[in-house]
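A.B. asks: Any chance you can model this:
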Amino acid sequence: MAGCCGSPRPPGRSSEITTARYNHLVERLRAHELSPIGDLGFVGLDDDADNPVVITGYKAARTKPLTKAKKQVNKLIASVRAVCEHAFAHLKNWRILTKLRMSPHYATTLLRALLVLTRTEVTT
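C.D. replies: Here you go, the predicted model:
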């Protein structure tokens, strides 16, 4: 059975980082010169520390707390991600995408328009 983008699905449930590795997400993003912002679940996805593809925050260790600068970076990343997270939460609550049956091109256009509308609704 084929998954998104024609890639075969891995059997059973798997974490997002495992699925990203399985589908070679880093290579695909690098080929298109894209750098999405991800949550801490994607720390370690990219092996190039000097030029990471997926921008993530910093994790604290038990023996080594985060510095003020790293906390500020985490706060900035969280503030940027919050907009998208809230928009997707609205789309999930509306259950619009569960019954969507159309070309992926049109679905992408519709999704972008809905995300603009959710952002407008949230801010007003």
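A.B. asks: From residue 80, how far out is the residue positioned nearest the centre of the chain?
C.D. replies: Closest residue to the average C-alpha location of the chain: residue 38 at 5.1 Å, with C-alpha atoms, centre = their mean. Distance, residue 38 to residue 80, using C-beta to C-beta, to the nearest Å: 11 Å. The C-beta positions use only the backbone N, C-alpha and C, and glycine is treated the same way.
A.B. asks: Now residue 34: closest residue in space that isn't a chain neighbour?
C.D. replies: Residue nearest to residue 34 in three dimensions, not counting chain neighbours: residue 53, with 7.5 Å by C-beta to C-beta, 6 or more residues apart in numbering.
A.B. asks: pretty sure residue 96 is touching residue 117, no?
C.D. replies: No: with contact defined as C-beta atoms under 8 Å, residue 96 does not count as touching residue 117 (10.7 Å).
A.B. asks: Excluding chain neighbours, give the residue nearest to residue 14 in space.
C.D. replies: Counting by C-beta to C-beta, 6+ apart, the residue nearest residue 14 is residue 22, at 7.3 Å.
A.B. asks: I'd like the distance between residue 49 and residue 87.
C.D. replies: In terms of C-beta to C-beta, residue 49 sits 31 Å off from residue 87.
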